[in-house]
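[1] Give the three-dimensional model of this entry:
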Amino acid sequence: MNSHPRILDFDFGQADLSSCDREPIHIPGAIQPHGVLLVIDRQSLAIRQFAGATRLLLGVAPERVVQCMLSGLFDAPTLQGLVQQLRAPGAAPAALYRLKAREGSLSLNALIHTQGELGLIELESAGSMAAGVDMFTQVKSMLLGLPTAASMEDCCQLTATQIRAATGFDRVMVYQFLHDGSGKVIAEDKAAPLQPFLGLHYPATDIPQQARAMYLRNWLRLIPDVNYTPAPLQAAVLETSAEPLDMSQCMLRSVSPIHLEYLRNMGVGATLTLSIVIDNQLWGLIACHHGTPHPLTAEVRAGCELVAQIFSMQLQARIEIDARHRRIVPTQIQEMLTRSMLSQGDVASVLTDGDSPLLKLVPASGAAVFLDGKFSLAGQTPPVAFLAELVDWLHAQHQPLLETYTLGAAFAPAVAFSDIASGLLAVSLSSTRPDYVLWFRPEVVRIVTWAGDPGKPGETGPSGDQLTPRKSFAAWEASVCQQSDPWNTVDLALAHAFRLWLLETGLKRMELARLEREVAFSQQSLVMAELDHRVKNTLANIQALVQHTKAGASSLDDFALALQRRISAMAHAHRLLAASRWQGATVRSLLEEELAPFQATGNVNILIRGEDVLLSPAAALSFTLIAHELASNAAKYGALSVPTGHVAIDWRRLDDGTLELTWQERDGPPVAPPTRRGFGSVIIERSLRHELQGRSTLRFDTGGVCCTLTIPPAHLVAWNKGKGLVHDD
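    Prediction:
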């Protein structure tokens, strides 16, 4: 029987376009019918809810499913690892398994999640890879091509082309969200007969807010057939008081009927959507469309998801490099202003005279400074009478920084001057007086090509006034007026930093300010050079990890998991270094961070001892990778793979100042030397010998693995001598 308890004011699928931002798409109560969802008790393994093609995939009729335990559905040998994952403490990460049903004939892929006391198992036919398609080769080709792209646009186009080649979709687009919430297709690869979508804009309402939140949580979303009939969840016992099942993490989750109708109106038969996430924000989507149903194997999906993650990292690195280059100019301008203020003393004149530094600081067509009741102007600005009204209005807003690209919509008198002042960026210089620095941008009248009329988002449906998705997506041109180019995040950051600089300077301590800015300029140049080196080094490390991890992986899942864990280890080290402002990280903190998952599982047989030592950033990153490889090997084959195992980690300072650290395992499974040299050994040797000029000795004693490491004094920043960390001279 169906169980659909309701806790919201309207049901899934019942929203129209006027309220679809509130449609509860995370609790649809149904799945796409090509798979099976089992909702089980994590401890008893009893089935509490299920949905989907149980007869096809499991060989069990729906009415029998609720009478079965999990062990009654699958062969025991293939079920063991899945059960361990389900019963792991806390919210275990999603994991993919290969299963064989007792009564079914198909090999199955099982994706599991945990949700409180529940385990969610999603089952699909494992299928087979298409002839000639090697996902390892395809993923490698995609990843190696990204760093070579000349521009962000080329990077997006290459990704669209490669994903279409890997998946076989008719059309693959890279879709970027714009400043106003709308979106634009900035790259496209398509089959020849299809009409191009490149350059088309889509209104913000096409992707509601709760859908964007879901894309931020899940990297991948597949609808292999938009014309499917949902398979409802069925419960073993009707629980009218229970909340609906949250299916946010489910790959099989049924899709909003409004979205399905939208896709059908576009002539789409199947879709794959990959998220592009930058700085934990949804930057855009990789949208794949096909005219007919188009299923994908789990291997292809995993490869595409990995590419989306690396693609997001590549875009973020490019954006950060561009932003750093822009931040060089403000420091130079501030140095020039300090020298000019020393000689002239009139701040407003210095900021606006000649080739105004304000217009170099933030791209704008005009600027104004209002200090002590007087205006000083640069470039194209509205008349002073209007500026006086504007300053009064700004002072009433009580905001240190205000920005808009549609000033006339917020301040009606500005409409008359939209040709030179449609955009405004204003910073306040006093909390009590109306002192401001203002930047203006002119109106940019442009023609935007929309995919359909954005002013007509839907049509009246058969049920009366309820709106349904529009049926026309033909190119529709609209003229945009009384808007300027928007202020981007770098513009705002520079304006904010400039405001702080003016306030800190105080206009009276000019000599001290000049000296401080010279030091700051020198430090910032060093930081930028170091940061540029770190970005390049990080990208090089990731590329090396991809290459070597692939060589040691037995499957795409092993490759993705190993790469994810190694990158995660690097991220932990980066976080610790950032917390210290890149002064360094201690050996103890790095070890505790890496070994924390094993402590969390109740393993208390880990001993860490030694006078703490602060490693340099370079040594900390290398040491983290070494610790990760030792811990991973111990968890798979060594002392951390059994409850009785012990790991002791000791370090000391030798007479010449060298750090010597010993990793000793005992009471684990019997140890024998490996028959081939693994990537872990390569990482240890490369990190120590080539990057730190250190040494390593790895022994496979009968009692357990023993690894001894030495790190030269040049990479040791400070030692703990009983009264806190003491820096070496």
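
[2] Let me know the pLDDT of the spatially most central residue of the chain.
    For the chain, the residue nearest the mean C-alpha position is V277 (3.8 Å; C-alpha atoms, centre = their mean). pLDDT, V277: 92.

[3] beta partners of it?
    Beta-bridge pairing for V277 (DSSP bridges): L282.

[4] Tell me who's in contact with the residue lying closest to E443 once chain neighbours are set aside.
    Nearest residue to E443, sequence neighbours excluded (C-beta to C-beta, 6 or more residues apart in numbering): S422, at 4.2 Å. All C-beta spots, glycine's among them, are computed from the backbone N, C-alpha and C. The contact partners of S422, by C-beta atoms under 8 Å, 6 or more residues apart in numbering, come to Y405, T406, L407, G408, A414, R441, P442, E443, V444, Q482, Q483, S484.

[5] Take those residues and keep only those in helices.
    L407, G408 (DSSP state H).

[6] Out of the contacts of S422, grab the one that's most surrounded.
    Neighbour tally across these (other C-beta atoms under 10 Å): the maximum, 28 neighbours, falls on L407.

[7] quick one, what contacts that residue?
    Counting by C-beta under 8 Å, 6+ apart, L407 makes contact with A414, S418, A421, S422, G423, L424.

[8] Which pair of the contacts of S422 spans the longest distance?
    Pairwise distances across the contacts of S422 peak at 15.2 Å for A414 and V444 (criterion: C-beta to C-beta).

[9] now the helix or strand where H574 lies: mean pLDDT?
    For H574, the host element (DSSP states H and E) is helix 556-579. What helix 556-579 shows for mean pLDDT is 67.

[10] what do you get for stretch 377-387?
    Here the average pLDDT along stretch 377-387 is 92.

[11] Can you show me the CA trace of it as CSV?
    Extracted C-alpha coordinates of stretch 377-387, given in CSV (Å, rounded to 0.1, in the frame of the first residue of the first chain):
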residue,chain,number,x,y,z
LEU,A,377,34.0,64.8,-10.1
ALA,A,378,35.8,62.6,-12.7
GLY,A,379,34.6,61.3,-16.0
GLN,A,380,30.9,61.3,-17.0
THR,A,381,28.6,62.0,-14.0
PRO,A,382,25.1,63.4,-13.5
PRO,A,383,24.8,67.1,-12.5
VAL,A,384,25.6,68.1,-8.9
ALA,A,385,22.0,68.9,-8.1
PHE,A,386,21.1,65.3,-8.7
LEU,A,387,24.2,64.0,-6.9
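
[12] tell me which residues in that stretch are buried?
    L377, A378, G379, T381, P382, F386, L387 (16 or more other C-beta atoms under 10 Å).

[13] And stretch 361-369, by the same measure?
    Buried residues in stretch 361-369, counting neighbours by 16+ other C-beta under 10 Å, are found at L361, V362, A364, S365, G366, A367, A368, V369.

[14] for these, which one is nearest S107?
    Proximity of the buried residues of stretch 361-369 to S107 (C-beta to C-beta) peaks at V362, which lies at 59.8 Å.

[15] surely that closest one meets N488?
    No: using C-beta atoms under 8 Å, V362 makes no contact with N488, being 10.1 Å away.

[16] hang on, V60 packs against L73?
    Yes: between V60 and L73 there is a contact under C-beta under 8 Å: 6.7 Å.
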